[in-house]
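Peer 1: Sequence first, then the predicted structure:
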Amino acid sequence: MEPRENVDPDQSWPRDVKAPDRSNFHQDTYSQSQFDVIKVLSCLARRPNPRIDLGPIDCSAAMIVCDMYLEDNPIVYCSEAFCDLTGYNYSDVLGRNCRFLQVPGTSDDTTSRGRTPGLDKISMPGAPSQTVDLQHELHRLKHSLSHKEEVQAMLLNYHKSGRAFLNLVTVVPVETPGDDHQYLVGFQAASRQVE
């Protein structure tokens with residue numbers, strides 16, 4: 001057995017090994033409110049009977065976490081990739097229901113202005129003969145969430161600039177043991193810009 005490399009007592013790393021850059025350490029692990037997204041992602045990965053294969057997940061995904069125990073399921077965490085995708089910053093998003101993405105601009109009033117005229121159905125990217133009924137997708141999403149079921153749906157969302165885009169949204173209810181909290185973890189993947 002080889003002897004261990006000498007370790008400098010002033011450093012926790014061997015002399016010939018460079019310490020990792022810690023300037024971004026846990027940059028996206030906790031929200032500004034110190035929300036423990038790692039705990040939620042761990043519960044997500046270990047959820048029983050998953051219906052949707054998420055593949056490997058980390059904090060670089062466009063992701064939000066909503067608290068199901070608070071009124072109107074407000075966003076309690078969003079990743080930097082989510083902010084990049086939507087154009088909103090963390091303070092724009094925190095405390096809001098994700099429905100605001102269904103309306104151009106920053107208004108939460110989705111009841112009076114939620115749809116873009118003429119965009120009830122849209123052709124799929126790469127398959128123009130296939131269309132998506134956006135209202136059906138939205139109804140399916142709401143139905144699944146009301147039954148606390150995993151769901152994946154194609155939605156028409158809006159960037160902060162007002163630009164419309166198709167968003168493949170995956171939402172998984174997750175319960176965290178110990179604090180008996182239930183969250184909705186949502187992943188977003190922009191499919192294409194809509195003109």
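Peer 2: That came through, no problem. Quantities reported herein were computed from a predicted structural model and do not represent experimental measurements. Numbers count the residues shown, from 1 in each chain.
Peer 1: now the strands for this protein?
Peer 2: 63-67, 75-78, 121-124, 127-133, 151-158, 164-176, 181-194 (DSSP state E).
Peer 1: Just name whatever secondary elements the fifth one is in contact with.
Peer 2: Right, the one you point to is strand 151-158. Contact partners of strand 151-158 among helices and strands, from 3 or more Cβ pairs under 8 Å, 6 or more residues apart in numbering; DSSP states H and E: helix 134-146, strand 164-176, strand 181-194. To be clear about C-beta, it is placed using only N, CA and C from the backbone, and glycine gets the same treatment.
Peer 1: now do 7 Å
Peer 2: Contacts defined by 3 or more Cβ pairs under 7 Å, 6 or more residues apart in numbering; DSSP states H and E place strand 151-158 against helix 134-146, strand 164-176.
Peer 1: Would you give the sheet partners of that strand, along with the direction of each?
Peer 2: In the sheet, strand 151-158 lines up against strand 164-176 (antiparallel) (DSSP bridges).
Peer 1: tell me which residues of the partner strand are tucked away?
Peer 2: The neighbour-count check on strand 164-176 (16 or more other Cβ atoms under 10 Å) flags A164, F165, L166, N167, V169, T170, V171, V172, P173, V174 as buried.
Peer 1: Averaged over its residues, which helix or strand of the protein has the lowest pLDDT?
Peer 2: Least confident helix or strand, the chain: helix 110-113 with a mean of 40, by mean pLDDT, DSSP states H and E.
Peer 1: before we move on, back to that, quick one, which of the helices and strands packed on strand 151-158 is nearest to Y88?
Peer 2: strand 164-176 (13.2 Å; Cβ to Cβ).
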